[in-house]
Each structure stands twice: as C-alpha cells, then as structure tokens.
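Peer 1: Pasted the sequence and its predicted model underneath.
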Amino acid sequence: MLKGFFNVPQPVNEPILGYAPGSNERKLLKAALAEGRSKVIDIPMYIGDQEIFTEEKGKITPPHDHKHLLATYSKGTKAHIQQAIDAALAAKANWENLAWEQRAAIFLKAADLLAGPYRYKINAATMLGQSKNAFQAEIDSACELIDFLRFNVSYMADIYKQQPPVSPKGSWNRVEQRPLEGFVFALTPFNFTAIAGNLPSCVAMMGNVVVWKPANTQIYAANVIMEVFREAGLPAGVINLVYASGPDAGDVIFAHPDFAGIHFTGSTGVFQDIWKTIGNNIHKYKTYPRIVGETGGKDFILVHGSAEAEISSTAILRGAFEYQGQKCSAASRVYIAKSKWPAIKELLLRDLATLKMGPTEDFGNFINAVIDEKSFDKLASYIDAAKNDKGVEIIAGGNYDKSVGYFIEPTVIVAEDPKYTTMCEELFGPVLTVYVYEDADFDKTLELIDSTSIYALTGAVIAQDRYAIEKATHALRNAAGNFYINDKCTGAVVGQQPFGGARGSGTNDKAGSMINLLRWVSPRTIKETFDPPKDYRYPFLAEN
C-alpha cells in the first residue's frame, strides 16, 4: 500500500459554457439532443455487477413532448431492493478498506468525464427527461455535479486532516473517520441532476455503500450518471441503482438491521413519514441511523422602498420562473413596498411578455414544461381558483395547455391578503404571488414573512438602505438557511453558498460543504501511551 500524506487538486468551480449561436458547445449539445431523440433505450437497474432488466416497464417521455418515447426502464420489486442491500453489504469491506486517495481518484475522474466526454450527453438527458433549457441544464447536470465531486474530494481530505491539537508528553492522540456501519439509502428528486448524483456519491466517497432510488422522472439522466461512475472505476456494489416504488423500497430498507442512514431530497410529507418509520423501527437497527434531508420551501423576496426597480424585477423574474419555478429555492411569494410597485410591475410585465415557452430543443425558449401531468393538474387547479377568488388578480399568465407538453404560462397573482393560499402553500411551479405592503409597515412585513410559512429554505431582501438590510438580515435569520442580499433567492454554488434550510425545509446539513460529509462518518478517537504507568498509586496518597 502506498504511504504518504497526499494533497488533492485544489477545486475550482467549473466554468459555465454559454451555448451562444455559432459556438462549438451549442453544435455538440444539439447533436446530443438529436441522438437522444433518435432512439428508444431500455434502462436497467444496476445491482452489484449486474444490469437488471425486468418484464414490467415504465415509460420515459419528455415533459414538453409527452407523446414521444425516449426510453423504458425496468421496474423493481421488494426482492430487487433486498438484492441491492445484499450487494452493497457484500461490497462494503473492500470499499471501506480501500485507501482514501483511491476513492478520491474515482470521483475526480468522474468529474473530468462529466466536464469532457459526457458533458453534452448528461446535459441533453436532463433537457429531454426533465425539460430544462440549455443554460439550466449546464449549470445543473454539468457544472454543479462536477463541482460537488471536486469540492467533496477536497472536503474529504480536510476532514481526514483534522486531528486533536494536543498530545501530552508520552502519548499520541489521533482520530480516524470510519464509514457508518451498514448501508445508506439515497432518495433523490427530479429537479436537479446534480442532487441526484451528489446524494449517493458523497456518501460513497466517505467509504460507505449505497442503495440509490431516483425519482422516476429523473431516471433518464440518472442512467447517464451511473455510466459515468462505472467508467470512472467505481467498484460494483458500492452504489446500487434501483427503480422500485417508494413504499416497496421503504418496507425493506427501513426494516433492515443494517440500515445506517438516509440522504434525502424531496417533499416534507414524505420525509416526515420516513422519520416516523425510522423512529418506530429504531429498536431494529444496529446503530442510530443518520437522517439527512432537504425538503423544499416557500421562498420569499422582500423588496424595500429603497430598492432599485430594475434589480428587483430581474431578481423576481429569474428567481420565480427559471426552470418553471421547480427549484426548491424558487421564489413563490414576493413582498413589495407600495412606493416601488408601479415601476416594478411595469418592468416585470414588460419582460414577461418577451419570454418564449416551448420545447427545450429550441434554444430560444426560456420557459419549458413542468415535470408531469400530476404537477400540471395541481398548478392548473390553483390558477383556476385564483381566477375566481375575490381579492386576487392575475396580472400575467394564467393560461395552460397539456395537449403536447405540460406547459403552464408564468403566472403572477397579486393578493390583497398576505395569507392567501398561494402565499402560504408550496406549489412548485411557475406561479408567483405578490403582496404589496405599505412602506411604513416594513417591520410588520418582516414579522409576516417570518411567520407565514412552515419552511425556511431561501429568501432575499432587495434594498439600498443599509439599515433596512441589517434589520431584515437579523429579523429573518430563522426564515431562510440561504439568504441573499440584492439578488434572487436561487443559484447557490458549491464552494460558495452551502445549501440547506431548517424548520420544515430539512435538517440544514448544507450540501456542498464539509458539514454534509461529516454526517457520513463515525469518528473514532485513539490514544496511545508510550510509557504506561506501572503503579496505581498517585502522589496525593503519600502519608508525608
């Protein structure tokens, strides 16, 4: 075995490609999109060293073109979940005993594969399977996932470097970071390919083995992630990719004695049910499982009377409507000082009128489809209710159509009641609600924002008045785990803004930071004494 204190490459954020007309990256991405649409692939589960195909198939179609078949995938059963657990546990000993720098090399190679030969394939898969435009796919499935892999390797090295500062004469104190005893379950969402890649990989990076179940609407890109991991040299069984139903997976995993933790991003209701199940089964486990989850938000932008209208309008439009408002950080409630509302309204309506909506393959479209019919129907029902509710006005959008794809126009609702339904409930789509407050009621509005939602994920204040900024920053300290000043409330970058919220938004374990990786190790303190005492008596026992 090699000996040495190894330094990993210094991570830097992956440069974002622009995909401008005539650029080489635009040409290559267009080719990857055409390739993806030209065939129907059959996606297997990956369990141990096997690709598992089953007779029962699910269908994958682009949300913006739901009559076009991209792929089928093999649906799994409880037996496949048990098989994945067995494969993970079988791989555990060799994987956790592998030198850490060898684990690091695998994921650094995966990052370079994504930055190079797989960049356009992973972006095209995200555009087709999750209806993200070229820029949203680039910042997610390419850049953010690359950043997660490179920065997490650096954080891993930093964790291993942390040692007790004092070893008294005659002894040596040290700490080792052990993987958890058992396997970890990674349950990942549809809206970010980077999250789908990060949740299992950062756990595995620390020496753990994983059973990974992605959202069905993200399987198309998840398959590419698994291709990358395998080409990077990830040993069989370390990460096992399965497509069973949530209840079937839960019945097997949360009753297994070797269940050691869950890394989750999804809905609050599902996460709370998982937590209850783990609590009810706590006596079955060999260890107390780590529960790490991020569960969405009802994110806000607060516009003070001193704010600049152009800055405010741009932050609102981008924060609310990029990726059709399906980011867990997306702005869905906005509080605007009455003195600023006329100017912001004019700019916002002007810019919304220029947005084009349609398929991701047309690079001129800013807005694409929402993820599936269930989401479409939910959003349409809220829009219909707003059309009929008194005290509510739809000033932009309000139309929808699912004949070809699940398209919902960016919709802006102005509510007289700050506790109107769409100001409080998480919708997860391109529906923004505005409440206009009296400038003199700024302090009351801070209290309103803090108390309106069960969530506390992201939020922003836009102002030029530094006293107002300070007041908002303090008053809303528990209302958002990621807080932005004079910016939109989305766009956290690995290595720059560790991401996560508290309250109903999750455990705030900050993906993209060392904090998160510390949840996937169990430290052991070792004290070695070089010249141990040979007599039990202490000096104070002497008679004279």
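Peer 2: Cool, the structure landed. Note that the structure is predicted; figures quoted are calculated from it, not measured.

Peer 1: per-residue pLDDT, residue 103?
Peer 2: Residue 103 is assigned a pLDDT of 98 by the prediction.

Peer 1: do the same with residue 1
Peer 2: At residue 1, pLDDT is 66.

Peer 1: Repeat that for residue 543.
Peer 2: 86.

Peer 1: Quick check: the gap between it and residue 536.
Peer 2: Remark: distance between residue 543 and residue 536 (C-beta to C-beta, to the nearest Å) = 16 Å. C-beta here means a position set from N, CA and C on the backbone, and glycine is covered the same way.

Peer 1: can I assume residue 195 is in contact with residue 263?
Peer 2: No. The criterion here is C-beta atoms under 8 Å, and residue 195 misses it with residue 263 at 9.8 Å.

Peer 1: ok so, going back, between residue 543 and residue 536, which is the more surrounded one?
Peer 2: Neighbour tally, residue 543 and residue 536, criterion other C-beta atoms under 10 Å: the higher count belongs to residue 536, 6 against 3.

Peer 1: and that one, helix, strand or coil?
Peer 2: Of the three states, residue 536 takes coil according to DSSP: H, G, I helix; E, B strand; the rest coil.

Peer 1: Give me the longest helix you can find in the chain.
Peer 2: Secondary structure of the chain per DSSP state H: the longest helix is helix 78-97.

Peer 1: then stretch 159-167 to CSV, C-alphas only?
Peer 2: The C-alpha trace of stretch 159-167 is given here as CSV (Å, rounded to 0.1, in the frame of the first residue of the first chain):
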residue,chain,number,x,y,z
ILE,A,159,-11.9,16.0,7.3
TYR,A,160,-9.2,13.4,7.4
LYS,A,161,-6.6,16.1,8.3
GLN,A,162,-8.5,17.2,11.4
GLN,A,163,-6.7,15.8,14.4
PRO,A,164,-6.6,16.6,18.2
PRO,A,165,-4.3,19.6,18.7
VAL,A,166,-2.7,18.2,21.9
SER,A,167,-0.8,15.0,22.6
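
Peer 1: buried stuff in that stretch?
Peer 2: Across stretch 159-167, burial judged by 16 or more other C-beta atoms under 10 Å covers 159, 160.

Peer 1: neighbouring contacts of it?
Peer 2: When contacts are defined by C-beta atoms under 8 Å, 6 or more residues apart in numbering, stretch 159-167 is touched by residues 100, 173, 174, 175, 177, 514, 517, 518, 521, 525.

Peer 1: The second one bridge partners, please.
Peer 2: In this case it means residue 173. Beta-bridge pairing for residue 173 (DSSP bridges): residue 527.

Peer 1: ok, it to residue 135 distance?
Peer 2: In terms of C-beta to C-beta, residue 173 sits 50 Å off from residue 135.

Peer 1: Just want to know which of those two has more residues nearby.
Peer 2: Legend: neighbour count by other C-beta under 10 Å for residue 173 and residue 135, higher for residue 135 (17 against 14).

Peer 1: how about the more buried one, what does it touch?
Peer 2: Applying C-beta under 8 Å, 6+ apart, the residues contacting residue 135 are 16, 19.

Peer 1: quick one: pLDDT of it?
Peer 2: So residue 135 comes in at 98 (pLDDT).

Peer 1: before we move on, what SS does it have?
Peer 2: Applying three-state DSSP: residue 135 is helix.

Peer 1: ok, now which ones touch the most centrally placed residue in the chain?
Peer 2: In the chain, the C-alpha nearest the mean C-alpha coordinate belongs to residue 195, at 4.0 Å (C-alpha atoms, centre = their mean). Neighbour list for residue 195: 188, 189, 265, 511 [criterion: C-beta under 8 Å, 6+ apart].

Peer 1: again, 6 Å this time
Peer 2: Going by C-beta atoms under 6 Å, 6 or more residues apart in numbering, residue 195 touches 188, 265.
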